[in-house]
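Novice: My questions are about this predicted structure, shown below with the sequence.
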Amino acid sequence: MKHLPQRQQQILEHLLEKPEGVTSDALCVVCDVTKTAIKEHLAQLEHLGYVAFRDQKGGVGRPRRFYFLSNQGSEAFPRQYSWLSTALLEEISSNFSASQLTKLLEGLAETTVRPLRAQLESLPRKQRLELIVKVMNDLGYRARLKEVSAKNAVIEASNCVYHAAAQKHPQLCQFDIGFLKRTSALDVNLECCIARGASSCRFSLR
């Protein structure tokens with residue numbers, strides 16, 4: 001959300017507190033700007049998918065238009081999940097052995113891959129790897145396909161999506177390995193890992 005102009009951030013922040021919706025006239029008062037300026041800001045936010053509206057009929061006259069955050073607008077606000085991941089892993093690890101935790105994470109990887117399997121199986125090898133990298137980036141890994149040869153491929157990720165949790169629970173990396181094994185149908189070796197002090201996570205696929 002930081003890439004937005006300050007006034008548009010202010011509009012989104014106000015809409016976050018008003019899930020029932022707000023009129024443009026009310027936003028003019030909150031932001032201390034003209035109706036024309038508010039309409040321009042709202043039009044840009046609608047174009048980005050951050051704001052939606054509904055018209056509500058009242059008495060005589062035109063319906064009143066109420067603006068509210070879309071799902072995409074709600075997701076634009078920063079969220080921190082690492083504390084929750086760590087808390088969940090702490091609870092799980094107190095009741096599961098390392099091998100049981102690994103098995104649980106591999107099962108989670110299988111669940112994640114299942115909707116993608118038919119699409120992946122229909123693709124040539126390189127296109128499959130490119131799609132895998134795209135999915136990883138959608139999940140926040142900042143991954144890139146570094147090498148592709150007849151027998152080998154390398155994927156590097158510069159962001160560990162559960163860094164704090166993985167430092168305490170290295171088994172969490174089994175999710176990444178399991179995900180890559182199931183999507184690529186290749187053997188996967190984690191050569192280096194951000195959670196263990198490396199500058200990136202490097203996965204070798206053979």
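Specialist: Structure received.
Novice: Just give the number of residues close to A109.
Specialist: Residues contacting A109 under the criterion other Cβ atoms under 10 Å number 20. Quick note: C-beta positions are derived from backbone N, CA and C, even for glycine.
Novice: tell me which element it is part of?
Specialist: Per DSSP states H and E, A109 falls inside helix 98-113.
Novice: Quick check: which ranges of this structure have low pLDDT?
Specialist: Filtered on pLDDT under 70, the chain yields the residue ranges 59, 79-82.
Novice: center of it - which residue?
Specialist: The centroid of the chain falls nearest to L139 when counting by Cα atoms, centre = their mean (4.6 Å).
Novice: isn't that one right up against Y162?
Specialist: No: contact criterion Cβ atoms under 8 Å: L139 and Y162 do not qualify, at 10.6 Å.
Novice: hmm, back to that, what residues sit buried inside the helix holding A109?
Specialist: Of the residues in helix 98-113, those with enough neighbours to count as buried (16 or more other Cβ atoms under 10 Å) are L101, T102, L105, E106, A109, T112, V113.
Novice: Quick one: list the elements packing against it.
Specialist: Here helix 98-113 touches helix 82-93, helix 173-184, going by 3 or more Cβ pairs under 8 Å, 6 or more residues apart in numbering; DSSP states H and E.
Novice: quick one: the strands in the protein?
Specialist: Here the chain has its strands, by DSSP state E, at 51-56, 64-69, 143-148, 153-157, 188-192, 201-205.
Novice: Domain map for the protein?
Specialist: The chain breaks down by automatic domain parsing into domains covering 6-75, 97-205.
Novice: Out of those, which gets nearest to W83?
Specialist: Closest to W83 of the domains of the chain is domain 97-205 (Cβ to Cβ; 7.7 Å).
Novice: so how far is the first residue of that closest one from its last?
Specialist: Across domain 97-205, the terminal residues are separated by 28 Å (Cα to Cα, to the nearest Å).
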